[in-house]
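S.K.: Quick one, fold the following:
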Amino acid sequence: MNILVVGDAARYKELQQKGLAGHRVHWVQSPDEVSLPGHFDLVIDLVLDDAPAHAAVYAKTPAVPVWGGMTKSSLAELMHQYAFSQGFNIVACNWLPGFINRPVTEMAILDEEQQEGIERLMQQLGWSYTLVQDAVGMVTPRVVCMIINEAYFTAAEGTASREDIDTAMRLGTNYPYGPFEWAQRIGIKHVFDVLTAVYKATGDERYRVCALLEEETQKTANGWH
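M.R.: Numbers count the residues shown, from 1 in each chain. The predicted structure follows:
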């Protein structure tokens with residue numbers, strides 16, 4: 001299979017760990033770098049959330065399925081924002097750092113007919129997937145980011161140290177990582193963006209970003225340590 005991968009080096013490395021052996025893979029930072037994206041059997045856009053304008057390129061080649069990272073917005077929003085007059089070819093995936101190389105890929109679709117194509121491509125890749133409802137934050141990112149947010153509230157109140165919170169969550173709930181460990185793996189900016197997007201979409205106070213998390217996000221953006 002001829003696959004185009006779009007995204008940063010770190011996420012591409014994690015995707016390689018998931019397994020792309022036996023396929024011809026072309027990696028670029030932007031789909032604009034490819035003169036004829038329609039020549040590919042599959043496009044995996046790891047950064048579509050942060051570069052939604054990529055969708056304008058994919059709309060020109062509707063026959064090529066695109067598995068795009070869509071945890072900060074929804075397929076419905078994307079479809080209404082860009083002109084997919086010849087057919088909608090985007091499948092939402094959880095491509096956040098730390099989630100790419102997981103046994104099961106979380107995906108969402110708008111058209112049930114897309115599932116047949118997913119099945120075929122997944123068999124060729126040797127991957128497994130689960131379908132969730134098209135919604136901002138999907139399922140796992142929304143839950144994990146909410147837990148991280150609550151951990152920041154707990155730390156800000158001085159109830160426990162970050163190390164103790166991570167240890168308690170790992171041992172008490174059998175999570176693979178504590179919330180602050182998760183935040184490091186995902187990236188604090190991504191956590192902030194997901195929470196902000198879900199809060200905007202739902203108005204649910206559970207997703208209102210903790211002031212400490214927002215402060216650290218700003219520090220990271222400004223290069224402070």
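S.K.: ok so residue 68 is a strand residue?
M.R.: Yes: Residue 68 forms part of a strand when assessed by DSSP: H, G, I helix; E, B strand; the rest coil.
S.K.: ok, how many other residues are close to it?
M.R.: For residue 68, the number of neighbouring residues by other C-beta atoms under 10 Å comes to 27. No exception for glycine: its C-beta is placed from N, CA and C like everyone else's.
S.K.: Just give me how far the helix-or-strand element of the chain with minimal mean pLDDT sits from the chain centre.
M.R.: For the chain, counting by mean pLDDT, DSSP states H and E, helix 162-173 ranks last in confidence among helices and strands (a mean of 87). Helix 162-173 sits 25 Å away from the centroid of its parent chain (C-alpha atoms, centre = their mean, to the nearest Å).
S.K.: Output that helix as CSV, nothing but the C-alphas.
M.R.: The C-alpha coordinates for helix 162-173 follow below in CSV (Å, rounded to 0.1, in the frame of the first residue of the first chain):
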residue,chain,number,x,y,z
ARG,A,162,2.4,15.6,41.8
GLU,A,163,4.5,12.5,42.5
ASP,A,164,2.0,11.2,45.1
ILE,A,165,-0.9,11.9,42.7
ASP,A,166,0.7,10.0,39.9
THR,A,167,1.6,7.1,42.3
ALA,A,168,-2.0,7.0,43.7
MET,A,169,-3.6,6.9,40.3
ARG,A,170,-1.3,4.2,39.0
LEU,A,171,-1.7,1.9,42.1
GLY,A,172,-5.3,2.8,42.9
THR,A,173,-6.8,2.6,39.5
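S.K.: helices or strands up against it?
M.R.: helix 140-157, helix 179-186 (3 or more C-beta pairs under 8 Å, 6 or more residues apart in numbering; DSSP states H and E).
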